[in-house]
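Q: Just need the structure, nothing else, for what follows:
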Amino acid sequence: MVRAEQTVRARGVVGVVGVARVMAALFVVGCLLVPAARAMDLGDLSQPGAFAVSANVARVEVPGATAFDALLYYPAPAAAPGAALEPSGAPYPVVVFGHGFLQAPSRYGGVLAHLASWGFIVIAPDTQTGFSPSHGQFALDMRTSIDWLVQENGREGSVLRAGVDVGAIGISGHSMGGGAATLAAADDPRIIAIATLAAAETSPSAVAAAGRLSIPASYISGSQDAITPLAQHGQRMYDAQASPRQLPLILGGSHCGFQDDPFPLFCDSGSLPRAEQLALTRRLLTGFFLLHLKDDRDAEVGLWPLVWGPAADADARLTTTKDPRTTLEAPQRVVLPRGTRVQFEMSVGNTGPARPGLQAFAQGPRWPSAFDPEALPSPEPGQAAPVSVTIDAPLGEQGALPFLLSVRREDGARAYAWVEVEVRCTVDCDGNGTVDLFDFLCFLDRFSRGDPSADCDGDGALTVFDFLCYQTGFSWGCP
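A: You can find the predicted model right below:
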């Protein structure tokens with residue numbers, strides 16, 4: 001969260017410098033300035049990604065567990081069953097998917113293949129499809145699927161050999177499968193993100209399991225769901241969640257609208273066309289898992305607003321209740337003299353029920369930056385803590401450049417704030433683009449009149465040190 005725009009003038013630290021300092025500063029000009037971090041061009045997340053997809057039936061056999069079949073989707077050089085794994089993006093993060101009551105995983109094939117096209121390995125156990133499913137066993141089947149993928153990642157001759165990112169595993173599911181996915185995530189620390197579709201309360205309780213989660217969760221639901229109404233299912237899971245949580249509600253969405261091939265019996269329908277509901281579903285799942293499973297700092301810049309920020313509410317067909325559990329506030333713009341150090345404060349807030357471990361990052365131009373305190377404080381629930389940010393501006397450069405500040409929680413969720421750092425040639429007193437005697441006379445006039453703009457060192461008072469500060473800047477000139 002970013003407060004209304006404000007301009008913060010730097011606390012100037014330009015003082016009298018010797019020739020050695022000037023020469024050293026001139027030496028690093030052009031070495032420190034690089035393009036700022038920019039949001040990756042993600043395109044339309046509801047459309048297929050860059051990879052061809054191989055769809056297969058895998059036999060999941062793990063020592064100590066009953067074997068079962070599962071649908072397996074993964075990026076491939078060509079869209080053919082049994083194709084090799086596409087090596088260019090490996091290793092790939094994983095999404096495990098659970099089907100709904102009386103459903104086959106193939107009814108979700110379009111959504112699963114879509115995730116694979118964006119660089120995920122997707123596996124969907126074809127178990128517990130009868131009239132008396134065991135929700136606990138279904139959750140265990142999902143976890144066994146993870147065991148199998150880890151096994152295949154290390155097995156010589158496997159098509160998945162060295163292609164599975166075993167440290168980036170997410171889980172999803174529809175209806176009963178969403179509830180079972182929540183059970184699995186609560187008991188398996190390998191799962192680091194969960195996004196469900198019309199998740200249903202289960203036995204054991206998925207609501208109780210949601211209360212034990214310590215990972216980011218998204219409970220995607222339909223407003224016209226007649227089978228697992230929001231108030232009795234997804235809302236209760238969201239309310240129980242202690243870690244970063246969100247509740248995207250597809251307006252006019254139905255329960256069976258999450259299926260590519262709806263079951264012909266006992267299905268509902270909503271006012272939103274199923275094709276639109278599926279497009280929104282693909283976009284939501286893809287963005288959430290790209291953000292939380294792929295270690296791509298550039299992509300995060302574009303994904304955070306789509307998943308947790310204001311862009312999440314830009315579609316009129318969708319409303320999203322969300323609480324990332326951490327807030328970050330900083331000035332939108334700071335102005336500093338060329339060749340100086342700027343210092344300003346950001347505020348880190350904790351909206352969660354516990355105190356998470358936090359880390360701070362600054363992305364942008366490769367100017368030296370630091371946080372004080374270096375070990376980021378962990379605010380009490382409902383509280384905020386100030387953190388000082390220091391950025392050193394390079395001598396000989398000017399202009400406005402964006403910095404992205406972020407705070408990362410120990411559960412992997414982040415909060416972001418943009419700060420535009422503007423470097424100005426402050427010794428150009430008369431503003432004509434050149435530094436000459438008239439600028440010096442301009443400064444002397446302002447100084448003699450007590451004009452606050454003559455406060456070169458930024459300490460709030462006009463003293464001899466401001467004169468020395470300006471004299472030093474004047475000797476440097478402007479680029």
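
Q: Please make it C-alpha for all contacts and neighbour counts, starting now.
A: Noted.

Q: how about R282, secondary structure?
A: helix (DSSP: H, G, I helix; E, B strand; the rest coil).

Q: quick one: pLDDT of it?
A: If you check R282, the pLDDT there is 98.

Q: Quick check: nearest residue in space to it, chain neighbours excluded?
A: Nearest non-adjacent residue to R282, counting by CA to CA, 6 or more residues apart in numbering: S46, 5.2 Å away.

Q: contacting residues for that neighbour?
A: A279, L280, T281, R282, R283, T286 (CA atoms under 8 Å, 6 or more residues apart in numbering).

Q: hmm, 7 Å instead?
A: Counting by CA atoms under 7 Å, 6 or more residues apart in numbering, S46 touches A279, L280, R282, R283.

Q: moving C-terminal of the helix or strand of the chain with the lowest mean pLDDT, what's the next helix or strand?
A: Least confident helix or strand, the chain: helix 19-28 with a mean of 26, by mean pLDDT, DSSP states H and E. Downstream of helix 19-28, the first helix or strand assigned by DSSP states H and E is strand 52-60.

Q: Mind giving me the packing neighbours of the following helix or strand past that next one?
A: Later in the chain than strand 52-60, the nearest helix or strand by DSSP H and E is strand 68-76. Using 3 or more CA pairs under 7 Å, 6 or more residues apart in numbering; DSSP states H and E, the elements in contact with strand 68-76 are strand 52-60, helix 109-117, strand 121-125.

Q: what's near enough to touch P105?
A: Residues in contact with P105 (CA under 7 Å, 6+ apart) are H99, A124, D126.

Q: give me that answer again for 6 Å
A: H99 (CA atoms under 6 Å, 6 or more residues apart in numbering).

Q: where does the chain have low pLDDT?
A: Counting by pLDDT under 70, the ranges of the chain that qualify are 1-42, 297, 335-341, 364-366, 393-399, 424-426, 457-459, 476-479.

Q: before we move on, back to that, kindly write the ChimeraX command that selects the buried subset of the contacts of S46.
A: Burial among the contacts of S46 is assessed by 16 or more other CA atoms under 10 Å; the matching ChimeraX selection reads:
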select :280,282,283
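
Q: Need the contacts of S46 in JSON lines (columns: distance to L115).
A: Shown next, in JSON lines, are the contacts of S46 (distance: CA to CA, whole Å):
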{"residue": "A279", "distance to L115": "12"}
{"residue": "L280", "distance to L115": "13"}
{"residue": "R282", "distance to L115": "8"}
{"residue": "R283", "distance to L115": "10"}
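
Q: and which of the contacts of S46 is nearest to G157?
A: Distance to G157 across the contacts of S46 (CA to CA) is lowest for R282, with 32.3 Å.

Q: what's the distance between that closest one and D261?
A: To D261, R282 is 15 Å away according to CA to CA, to the nearest Å.

Q: again with I146
A: Plainly put, I146 is 26 Å away from D261 if you go by CA to CA.

Q: For those two, indicate the residue with more neighbours.
A: A count of neighbours by other CA atoms under 10 Å puts I146 above the other of I146 and D261, at 24 against 15.

Q: how near is that one to K294?
A: Relative to K294, and taking CA to CA, I146 is found at 17 Å.

Q: Check T472 too.
A: 48 Å.

Q: Figure out the helix or strand that the closest residue to T390 other than its chain neighbours lives in.
A: Leaving aside its chain neighbours, T390 sits nearest to Q343 (4.5 Å; criterion: CA to CA, 6+ apart). Following DSSP H and E, one finds Q343 within strand 341-350.
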